[in-house]
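>>> predicted structure and sequence below. I'll ask about it afterward.
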Amino acid sequence: MYARVMTAAPEPLVRLAQRVERRIAELALEYAEVCRRAGISDETLGKIRKGIKARGSTYLKLERALEWAPGSISAILAGGEPTPLDTHADRRAAVKEEAAASAARSSLSSRELELVTDLAVSAAEKLGLSPDEAREAFRRALVRIEQNRAEGRSDPLESPRSRRAG
């Protein structure tokens, strides 16, 4: 007769370490970026990744950095799953909404508008901007491109200062 091998669930801190690693990979972040977003040291992140307990305030910071809803780390430690914030989709939706509103009054082609939208979303992700900040960044970039086109600049993002300096 065969012995049945049962695998126990990993202990809570190991589970947390696994979920943190998975989330970092999902968001395609470097460890240094996670530390910067959370305002924690690389040493502290390293301990969490090794399954060592951290302060509650550190967990709150880490939740924000990993775009998890508050209480997600407690849920993981209790055997549940984290609740991801849908910030990427929110940023993309905010920028696309602004792009749609700008399309009628813009001299950009639909393809150019699509490229600027993708760039704005990527920049918002990289900088960790809120949906409102992403919308405003897109709007400002569009205004600058339109101004540069009107002034005959070949580089659509060239600033007036950089042109005079050259």
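Looks like it came in fine. Numbers count the residues shown, from 1 in each chain.
>>> where do the domain boundaries of this structure fall?
Domain segmentation of the chain under automatic domain parsing yields 12-77, 87-165.
>>> show the contacting residues for residue 81.
Shown in contact with residue 81 (CB atoms under 8 Å, 6 or more residues apart in numbering): 19, 75. The way it works is simple: take the backbone N, C-alpha and C, and place the C-beta from them, glycine included.
>>> what helix or strand is it on?
In this structure, residue 81 sits in neither a helix nor a strand according to DSSP states H and E.
>>> mind checking how far it is from residue 74?
12 Å (CB to CB, to the nearest Å).
>>> likewise for residue 130?
Residue 130 sits at a distance of 24 Å from residue 74 (criterion: CB to CB).
>>> and the residue most central in space within the chain, how far is that from residue 118?
Residue closest to the mean C-alpha point of the chain, counted by CA atoms, centre = their mean, is residue 125 at 3.9 Å. In this structure, residue 125 and residue 118 are 11 Å apart, going by CB to CB.
>>> flag the shaky bits of this protein, pLDDT-wise.
Within the chain, the ranges that satisfy pLDDT under 70 run 1-9, 88, 154-166.
>>> other residues contacting the longest helix along it?
Residue-count comparison of every helix in the chain, with assignments taken from DSSP state H, identifies helix 131-150 as the longest. Identification of contacts with helix 131-150 by CB under 8 Å, 6+ apart yields 87, 90-91, 93-95, 97-99, 102, 106-108, 116-117, 119-121, 123-124, 129, 155-159.
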